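>>> Could you look at this predicted model? Sequence included:
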Amino acid sequence: MAVQTEPLEGFRSEFSGVVLAPDESGYDEARRIHNGLIDKHPRLIARCLNTADIVDAVKFAREEDLEISVKGGGHNPAGRSVTDGGLMIDLSFMKGIHVDPAARKVRAQGGVTWAEFNRATALHGLAVTGGAISSTGIAGLTLGGGLGWLMSSYGMAVDNVTSMELVTAEGEVLTLSEDENPDLFWACRGGGGNFGVVSSFEYQLHPLSMVTGGLIAHPFPAAGDVLRFYRDFTADVGDDLTVFAGLVHAPDGSGMKLSALLVCHVGTPEEAERDLEPLKTFGEPAMVEVGPMPYPVINTLLDEGFPSGALNYWKSSFLENITDEYIDTVTDKFAACPSPMGGIVIEHFHGQVTRFDPTATAFPHRDRSYNNLIIGQWVDPANTEENTLWVKDTYNSLEPFFSSSRYVNYLDDDEQADAVPKAYGVVYDRLVEVKRRYDPDNVFHLNQNIDPS
């Protein structure tokens with residue numbers, strides 16, 4: 001059913017951004033998101049330029065009984081930033097960034113990507129935890145927790161947020177901080193997009209210009225030894241060093257399988273050389289590409305492996321320990337990975353990220369642990385079934401080794417009913433209470449939804 005002409009004309013006349021209907025130029029580009037597996041068609045797309053546009057879009061959608069989705073960077077694999085038949089609120093034109101070097105703070109709007117964010121803060125020798133792929137939007141990643149290369153030193157992205165500006169389901173504009181609307185501020189630091197549209201974020205920054213980072217790759221037959229070494233090495237690794245392990249394919253498209261270690265060290269070059277030496281000299285690596293680089297660069301090293309438009313299906317869960325049985329299983333399952341773009345990544349949680357109380361924010365995963373991410377990625381739609389089945393089969397085989405915890409940003413769109421409660425654990429009941437107060441009608445439900453009922 002089409003939107004009535006008169007209300008739509010009134011909406012367009014006040015809107016300072018662009019409102020797109022399906023028959024208008026730019027609509028197809030705007031509706032697409034990073035995951036090419038998602039092919040949805042909103043009835044309207046509201047490309048906002050400012051907070052007032054967001055308010056108008058929320059009110060218009062409610063008046064016309066249109067489902068709302070919210071797109072920041074559009075990177076999340078579940079694809080819930082785009083609605084089928086509703087109104088997509090698109091923040092991708094909202095690119096404002098203001099850095100206050102003296103206070104070491106930055107205010108950034110909801111359409112900013114980490115590449116844009118890091119470029120602006122690096123001018124002042126400052127940084128904050130922000131993902132591992134530079135095209136990811138700051139909004140979605142932060143609202144779900146926000147892991148990244150700097151989390152062992154500075155915590156998750158949410159641990160560094162000092163305030164937000166939020167548009168509620170009623171169209172109110174609220175400032176969220178420890179002093180203003182603290183319950184909503186708590187909920188939005190990990191609770192995803194359940195509580196409204198965040199138009200801007202303020203982060204506390206940290207002095208950081210250069211890191212030492214890169215990739216160490218071993219032939220796949222050595223994967224078992226590499227993962228056992230990784231387990232032992234990370235048992236007492238310091239805060240300055242983050243190491244992820246990966247079962248991946250060579251970036252040249254050959255399909256060659258590799259066992260890789262991805263590293264980022266924020267200390268001095270001398271400290272980095274000392275701490276990284278055991279990693280670089282273990283076994284017989286096929287490649288050691290590790291060295292000093294500006295922090296924004298390390299956030300781009302994996303970009304080519306995650307091209308926009310590729311088809312994606314992901315699953316993940318936390319691991320308490322990396323056992324020999326887990327290693328045998330995960331290497332066996334990766335051997336059957338059908339796509340040269342697929343992989344399995346193990347992300348180590350330690351250091352500063354584990355020193356927060358599990359209830360301090362709505363991101364509760366504060367144990368020293370690992371997150372196991374299974375990435376199905378391919379380009380030919382004809383290969384969709386075999387790749388999704390590989391991810392599901394791999395997840396099912398590894399499930400006996402998983403803890404009960406899930407990372408909300410990695411949940412896909414067909415997860416079982418208990419996935420969201422598992423993602424929030426000890427904070428779930430409190431999140432439901434906040435949702436009931438601020439969005440009892442579940443207007444914002446195109447997310448990993450916290451159901452107020």
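That came through fine.

>>> Could you use CA atoms for every contact and neighbour count after this?
OK.

>>> Next, work out how far apart V197 and I346 are.
Per CA to CA, to the nearest Å, V197 is found 31 Å from I346.

>>> no no, D357
According to CA to CA, D357 stands 23 Å off from I346.

>>> neighbour count winner among those two?
Neighbour totals were compared for D357 and I346, and I346 leads with 23 against 13 (other CA atoms under 10 Å).

>>> was I right about that one contacting T234?
No - using CA atoms under 8 Å, I346 makes no contact with T234, being 11.5 Å away.

>>> List the residues that are in contact with both of the two.
Common neighbours of I346 and T234, using CA atoms under 8 Å, 6 or more residues apart in numbering, do not exist here.

>>> could you say which helix or strand contains Y203?
For Y203, the host element (DSSP states H and E) is strand 197-204.

>>> For that strand, the averaged confidence score.
Averaged across strand 197-204, pLDDT comes to 98.

>>> Check which strands are paired with that strand and give the direction for each one.
Counting by DSSP bridges, the strands paired with strand 197-204 are strand 105-109 (antiparallel), strand 161-167 (antiparallel).

>>> Off-centre distance for the first one?
A distance of 18 Å separates the C-alpha centroid of strand 105-109 from that of its chain, computed with CA atoms, centre = their mean, to the nearest Å.

>>> what's the answer for the longest one, then?
Taking CA atoms, centre = their mean, one finds the center of strand 161-167 at 18 Å from the center of the full chain.

>>> neighbouring contacts of that strand?
Contacts of strand 161-167 (CA under 8 Å, 6+ apart): 51, 54-55, 172-178, 185, 189, 196-204.

>>> Mind doing that once more with 6 Å?
The contact list for strand 161-167 (CA atoms under 6 Å, 6 or more residues apart in numbering) reads 173-177, 196-203.

>>> ok, so of those residues, who is nearest K71?
Using CA to CA, V197 is the member of those that lies nearest K71, at 9.6 Å.

>>> What separation is there between that closest one and M88?
From V197 to M88 the distance is 12 Å (CA to CA).

>>> Which of the two has more residues huddled nearby?
Taking neighbours as other CA under 10 Å, V197 and M88 compare with M88 leading, 30 against 27.

>>> got a list of what that one touches?
Neighbours of M88 in contact, by CA under 6 Å, 6+ apart: 45, 68-70, 82.

>>> For T300, which non-adjacent residue is spatially closest?
The shortest distance from T300 to any non-neighbouring residue, by CA to CA, 6 or more residues apart in numbering, is to S134 (5.4 Å).

>>> That neighbour and F117 touch, don't they?
No - between S134 and F117 there is no contact under CA atoms under 6 Å: 9.2 Å.

>>> Looking at these two, which has the bigger crowd around it?
F117 (26 against 22).

>>> and that one, what element?
F117 belongs to helix 114-122, assigned by DSSP H and E.

>>> what comes into contact with that helix?
127, 134, 137-138, 296.

>>> export these to TSV and tack on pLDDT and secondary structure?
Converted to TSV, the contacts of helix 114-122 look like this (pLDDT from 0 to 100; DSSP: H, G, I helix; E, B strand; the rest coil):
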residue	pLDDT	secondary structure
A127	98	strand
S134	97	coil
G137	98	strand
I138	98	helix
P296	97	helix
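
>>> Show me how the chain divides into domains.
5-90, 97-207+427-438, 210-410 (automatic domain parsing).

>>> tell me the mean pLDDT for the shortest one?
Per-residue pLDDT values over domain 5-90 give a mean of 96.

>>> end-to-end on that domain?
21 Å.

>>> Could you give the separation of it from the chain centroid?
Chain-centre distance of domain 5-90: 21 Å, with CA atoms, centre = their mean.

>>> Then stretch 145-152?
Distance, centroid of stretch 145-152 to centroid of chain: 10 Å (CA atoms, centre = their mean).

>>> part of a helix, is R80?
No - looking at R80 with DSSP: H, G, I helix; E, B strand; the rest coil, it is coil, so not inside a helix.

>>> could I get the strands paired with strand 197-204 as a markdown table with distance to D303?
Shown next, in a markdown table, are those (distance: least, CA to CA, whole Å):
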| stretch | distance to D303 |
| --- | --- |
| strand 105-109 | 22 |
| strand 161-167 | 25 |
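
>>> Would you mind writing the CA trace of stretch 259-275 as CSV?
The C-alpha coordinates for stretch 259-275 follow below in CSV (Å, rounded to 0.1, in the frame of the first residue of the first chain):
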residue,chain,number,x,y,z
SER,A,259,46.6,-20.7,9.8
ALA,A,260,47.2,-17.0,10.8
LEU,A,261,48.0,-14.8,13.8
LEU,A,262,46.9,-11.2,13.6
VAL,A,263,48.6,-8.9,16.0
CYS,A,264,48.4,-5.3,17.3
HIS,A,265,50.8,-3.9,19.9
VAL,A,266,50.4,-0.3,21.3
GLY,A,267,53.7,-0.1,23.2
THR,A,268,57.0,1.3,22.1
PRO,A,269,58.8,-0.3,19.2
GLU,A,270,61.3,-1.8,21.7
GLU,A,271,58.5,-3.3,23.8
ALA,A,272,56.7,-4.6,20.7
GLU,A,273,59.8,-6.2,19.3
ARG,A,274,60.3,-8.0,22.7
ASP,A,275,56.7,-9.1,23.0
